[in-house]
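Undergrad: Here is a sequence together with a model predicted from it:
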There are 2 protein chains.
Amino acid sequence: MADAKPSADERFARFKDHLRVQRLKSTAQRDTIVRAFLESQRHISVEELYNEVRRRNPRIGYATVYRTMKLLTESGVAAVRHFRDGEARYESAEKRHHDHMICESCGKIVEFEEARIEALQEEIAKRLGFQFTGHKMELYGICRDCRRTRQQHAAG
Amino acid sequence: MADAKPSADERFARFKDHLRVQRLKSTAQRDTIVRAFLESQRHISVEELYNEVRRRNPRIGYATVYRTMKLLTESGVAAVRHFRDGEARYESAEKRHHDHMICESCGKIVEFEEARIEALQEEIAKRLGFQFTGHKMELYGICRDCRRTRQQHAAG
DNA sequence: GCATAATTGAAAACGATTCTCAGAATCGTG
DNA sequence: CACGATTCTGAGAATCGTTTTCAATTATGC
């Protein structure tokens, strides 16, 4: 039986725990932002999240979204990624390690796991005399959908 | 017998060719910047390059360094990389494909080649239905020198 | 040489993110 | 519940790396 991944409520609770432990305050703004994040799609950008948050409470500022996502990352509920475009994207941190494959045409992001790459990385680090601490790996390509669309256009 | 890698003069000539073909102009500023780059260490940042350029000709502005490095990249002589800190670093493009291992403590950058990783990447892309176009991979760790230093401090 | 087109430096604009600061809200304690 | 210490908030300014703007300067083809 696979581990069920934590529900949105469980992750929300984990965030609240973090606040308590760190003696930080619970506020309506933080709740709104975290709930919006937990209900969002994967790899949401700050701007996208901000727009959703605004729909729920237009008085919440950009800075608070940034601050809250930082907190959420520290609590282990979210994780940041920086892809090619340079704006941060947040994803749920509740999953196993994985990397990303990104479509250069439509921006679609697909996750994958590959144990053999992880193993090679450790091996390379050792060979170079480094104590391995982490890595960043992204593959870029054109997804099937975009290739199909392109052909249709070409065929006219 | 290994291919000799192009000398600085050969690369400079390649840049000049690029200018000619594109009907762009040769200027003293461009020459100064490109020469400074070609004589520099690997993975130089724009700021570092700008400082060196300034020593040679204090009237050259930041924007011209940026513009020239863009040109040099288009000509295939240089290549940009964006590592964790977010500032662009330029390296010579005259080498075979390679990736980087970066020390989280001192910032040292070591290059490596690993055919097995390249092969895996293509395989993964295919599995996900992508036409592979490129990738970005960086390993992070602590280098031997920094580990040694750290121990000395601990032993103090 | 001259005209034309490209290039330059300085400063402003940029986009993503962080900081500042004064007012507002939270929370542990009486 | 009220108090007070502390934290949080929103708005806008500040920051960082980079690009753009613009008027003045320079390179190049004829």
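TA: Thanks, I have it. This structure is a prediction, so every number in the text was calculated from the model and none was measured.
Undergrad: Doesn't A:Gly76 lie inside a helix?
TA: No - counting by DSSP: H, G, I helix; E, B strand; the rest coil, A:Gly76 is not part of a helix but coil.
Undergrad: list the contacts for it?
TA: A:Arg14, A:His18, A:Ala93 (CB atoms under 8 Å, 6 or more residues apart in numbering or on different chains). For glycine as for every other residue, the C-beta is placed from the backbone atoms N, C-alpha and C.
Undergrad: what are the ranges of the strands in chain A?
TA: For chain A, strands defined by DSSP state E occupy the ranges A:44-45, A:78-82, A:88-92, A:99-103, A:109-112, A:131-142.
Undergrad: How far away from the center of its chain is the longest one?
TA: Distance of strand A:131-142 from its chain centroid, counting by CA atoms, centre = their mean, to the nearest Å, is 15 Å.
Undergrad: quick one on the thing from earlier: could you give me the PyMOL selection string for whichever of the contacts of A:Gly76 are buried?
TA: With 16 or more other CB atoms under 10 Å in any protein chain shown as the criterion, this PyMOL line picks the buried residues out of the contacts of A:Gly76:
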select buried, chain A and resi 14+18
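Undergrad: Please flag which of the contacts of A:Gly76 sit within helices.
TA: A:Arg14, A:His18 (DSSP state H).
Undergrad: Hmm, which of the contacts of A:Gly76 is lowest in pLDDT?
TA: pLDDT across the contacts of A:Gly76 is at its lowest for A:Ala93, which sits at 89.
Undergrad: Am I right that that one is in contact with A:Glu74?
TA: No - if you go by CB atoms under 8 Å, A:Ala93 and A:Glu74 don't touch, sitting 10.5 Å apart.
Undergrad: just the strands of chain A: most buried one?
TA: Stretch with highest mean neighbour count among the strands of chain A: strand A:99-103 (a mean of 22; mean count of other CB atoms under 10 Å in any protein chain shown).
Undergrad: what mean pLDDT does that strand have?
TA: Strand A:99-103 comes out at a mean pLDDT of 95.
Undergrad: likewise stretch A:49-57?
TA: Mean per-residue pLDDT for stretch A:49-57: 97.
Undergrad: Quick one: residues in contact with that stretch.
TA: A:Ala28, A:Gln29, A:Thr32, A:Ile33, A:Ala36, A:Phe37, A:Ser40, A:Ile60, A:Tyr62, A:Val65, A:Met69, A:Tyr90.
Undergrad: Quick one: residues contacting the residue positioned nearest the centre of chain A.
TA: The residue lying closest to the centre of chain A (CA atoms, centre = their mean) is A:Glu91, at 1.9 Å. By CB under 8 Å, 6+ apart, the contact set of A:Glu91 is A:Arg42, A:His43, A:Ile44, A:Ala78, A:Ala79, A:Arg81.
Undergrad: 10 Å instead, please
TA: A:37, A:40-44, A:78-81, A:98, A:100, A:109, A:111 (CB atoms under 10 Å, 6 or more residues apart in numbering or on different chains).
Undergrad: does DNA strand C sit close to stretch A:104-112?
TA: No - judged by CB under 7 Å from any atom of the strand, stretch A:104-112 stays clear of DNA strand C, getting no closer than 12.8 Å.
Undergrad: measure that stretch end to end?
TA: Taking CA to CA, to the nearest Å, stretch A:104-112 runs 17 Å from one end to the other.
Undergrad: Run the chain-centre distance for it.
TA: 13 Å.
Undergrad: which residues touch it?
TA: By CB under 10 Å, 6+ apart, stretch A:104-112 touches A:41-43, A:81, A:83-85, A:89, A:91, A:95-96, A:98-103, A:138-143, A:145-147, A:149-150, B:124-125, B:127-131, B:133-134.
Undergrad: Recalculate using a threshold of 8 Å.
TA: Residues contacting stretch A:104-112 (CB under 8 Å, 6+ apart): A:42-43, A:83, A:98-103, A:140-143, A:145-146, A:150, B:124, B:127-128, B:130, B:133.
Undergrad: Kindly report the same for stretch A:124-141.
TA: A:83-84, A:99-104, A:117, A:121-122, B:84, B:101, B:103-104, B:110, B:112, B:114, B:121, B:124-125, B:130-144, B:147.
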